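Peer 1: Output the structure for:
(one chain, ligands or ions: 1)
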Amino acid sequence: MGATIAAVQCPYCSGDSSVTETRVTADGLRRRRLCTACKRRFTTYERLGAPGLKVAKRDGSVEPFDSDKLLTALQRVCAHRTGIADDDLRRIARDIEATLLDSGRKSVAWSDLVTLALARLENVDPVSAQRLAANYTDESGAVRFASSSPQEPSPQLGLPLRDDD
Ligand SMILES: [Zn+2]
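Peer 2: Residues are numbered from 1 along each chain as shown. As a prediction, the model looks like this:
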């Protein structure tokens with residue numbers, strides 16, 4: 001099972017194309033593609049916010065993936081820290097979304113979002129990553145599924161966001 005990416009027809013010959021490179025940009029994804037028929041190269045741009053990608057939340061409900069909510073959650077985790085550029089967090093949120101899109105999956109568990117966020121946050125700010133980990137993982141580093149937090153689960157990441165529904 002490799003990553004499944006929506007097939008895009010070659011603009012020159014309408015042949016099938018393959019993705020040779022995916023870059024996360026400020027506005028979405030830029031994919032370099034190679035036509036498997038005529039071998040021409042072309043580039044496509046995709047806005048993020050893929051329809052259909054769902055998040056299974058901690059409370060059992062399901063909602064559409066929203067990278068803005070993910071970004072908000074990351075900003076809350078890092079709110080007590082200085083020196084973390086908003087762009088860094090934005091990049092993390094987009095990179096997570098790109099990873100999910102490239103995987104071709106239709107849904108993601110909130111715990112997977114935590115895992116994905118942790119891996120990236122550790123490179124940006126280990127202290128914030130530890131804060132996130134302390135709230136959502138057990139001693140072995142696995143994400144806790146039981147809701148042992150006294151705070152209400154929040155959108156997407158299960159973080160305590162009081163003023164966002
Ligand atoms: Zn072609």
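Peer 1: Quick check: the gap between Phe42 and the ion.
Peer 2: Taking C-beta to the ion, to the nearest Å as the measure, Phe42 falls 8 Å from the ion. (Each C-beta comes from the backbone N, C-alpha and C, glycine too.)
Peer 1: no, scratch that, I was asking about Asp66
Peer 2: Taking C-beta to the ion, one finds Asp66 at 35 Å from the ion.
Peer 1: Next: Thr44.
Peer 2: Distance of Thr44 to the ion, given as C-beta to the ion: 13 Å.
Peer 1: Look at that residue and give its secondary structure.
Peer 2: Classification of Thr44 by DSSP: H, G, I helix; E, B strand; the rest coil places it in strand.
Peer 1: Which residue, other than its chain neighbours, is closest to Ala133?
Peer 2: Nearest non-adjacent residue to Ala133, counting by C-beta to C-beta, 6 or more residues apart in numbering: Leu118, 5.9 Å away.
Peer 1: Shouldn't the one you found be within a helix?
Peer 2: Yes - under three-state DSSP, Leu118 falls within a helix.
Peer 1: correct me, but it touches Gln130?
Peer 2: No - with contact defined as C-beta atoms under 8 Å, Leu118 and Gln130 do not form a contacting pair (9.3 Å).
Peer 1: need the helices for this structure, in chain order.
Peer 2: 67-77, 86-103, 110-124, 126-136, 155-158 (DSSP state H).
Peer 1: looking at those helices, which has the lowest confidence?
Peer 2: Lowest mean pLDDT within the helices of the chain: helix 155-158, a mean of 53.
Peer 1: What are the structural domain limits within this protein?
Peer 2: 1-47, 54-158 (automatic domain parsing).
Peer 1: Point to the residue nearest the middle of the chain.
Peer 2: In the chain, the residue lying closest to the centroid (C-alpha atoms, centre = their mean) is Ile96, at 2.4 Å.
Peer 1: gap between that one and the ion?
Peer 2: Here the distance between Ile96 and the ion works out to 32 Å (C-beta to the ion).
Peer 1: Contacts only, for that residue.
Peer 2: 67, 70, 113, 116-117, 120 (C-beta atoms under 8 Å, 6 or more residues apart in numbering).
Peer 1: Which one of those residues sits in the busiest neighbourhood?
Peer 2: Ala117 (27 neighbours; other C-beta atoms under 10 Å).
Peer 1: Distance check, that one against Ile92.
Peer 2: Distance, Ala117 to Ile92, using C-beta to C-beta, to the nearest Å: 7 Å.
Peer 1: Alright, that wraps it up for me.
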